[in-house]
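[1] Please work out how this folds:
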Amino acid sequence: MKVLLIDDNESITEMMSKYLTSKGHECIVANDGRNGLTLIEQEKFDVILLDLAMPEFTGVDVIDNLYKNGKMGKHKIVLFTASSINDEDIQKLMKKGAHACLKKPVKLEVLMKTIGA
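    Numbering: from 1, shown residues only. I've put the predicted structure just below:
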């Protein structure tokens, strides 16, 4: 599986990338939302793990851009966040096409089950 991990925390992206690679997945990392959006537009990914709370260009900005351009349905996006986003805002993002929301810290078996679903 080809996974794109978009998160501004380099410790998280390094750890998650190593874990996903050890499980046989190809993992591409973007440490900011704009770079992540560019990768989404240029390549095909089986799953995108998207942090919501990033400086300057957030995960919500990524989703809004994809939604506005009619490209949300082409991607399996799993929200991956430690932010205190409320259930109503999560539901809005799910209605735009996000597939799931995982709250950090996430158990690795839950992550693998979610991206494999």
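[2] Span of stretch 1-17 from start to end?
    Across stretch 1-17, the straight-line distance between its terminal residues is 13 Å, by CA to CA, to the nearest Å.
[3] Please point out which parts of it sit buried.
    Buried residues in stretch 1-17, counting neighbours by 16 or more other CB atoms under 10 Å, are found at 3, 4, 5, 6, 7, 8, 12, 13, 16, 17. For every residue, glycine as well, the C-beta is placed using N, CA and C.
[4] next one: stretch 88-104
    Across stretch 88-104, burial judged by 16+ other CB under 10 Å covers 90, 93, 96, 97, 98, 100, 101, 102.
[5] Output the below-cut-off pLDDT ranges for this structure.
    Applying pLDDT under 70 to the chain picks out residues 117.
[6] where along it do the strands fall?
    Residue ranges of the strands in the chain, as given by DSSP state E, are 2-6, 26-30, 47-50, 77-81, 100-103.
[7] What are the buried residues along stretch 108-117?
    Taking 16+ other CB under 10 Å as the criterion, stretch 108-117 shows 111, 114, 115 as buried.
[8] List the single closest residue to residue 14 in space, sequence neighbours excluded.
    residue 29 (8.0 Å; CB to CB, 6 or more residues apart in numbering).
[9] Can you name the residues bridging to the one you found?
    residue 5 (DSSP bridges).
[10] Now distance to residue 68 too, for the strands of the chain, in TSV please.
    Listed next are these as TSV, based on distance: least, CB to CB, whole Å:
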stretch	distance to residue 68
strand 2-6	18
strand 26-30	20
strand 47-50	16
strand 77-81	15
strand 100-103	21
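[11] For the residue nearest to residue 25 when sequence neighbours are not counted, give its distance to residue 112.
    Using CB to CB, 6+ apart and skipping the chain neighbours, the partner closest in space to residue 25 is residue 1 (4.7 Å). For residue 1, the distance to residue 112 (CB to CB, to the nearest Å) stands at 10 Å.
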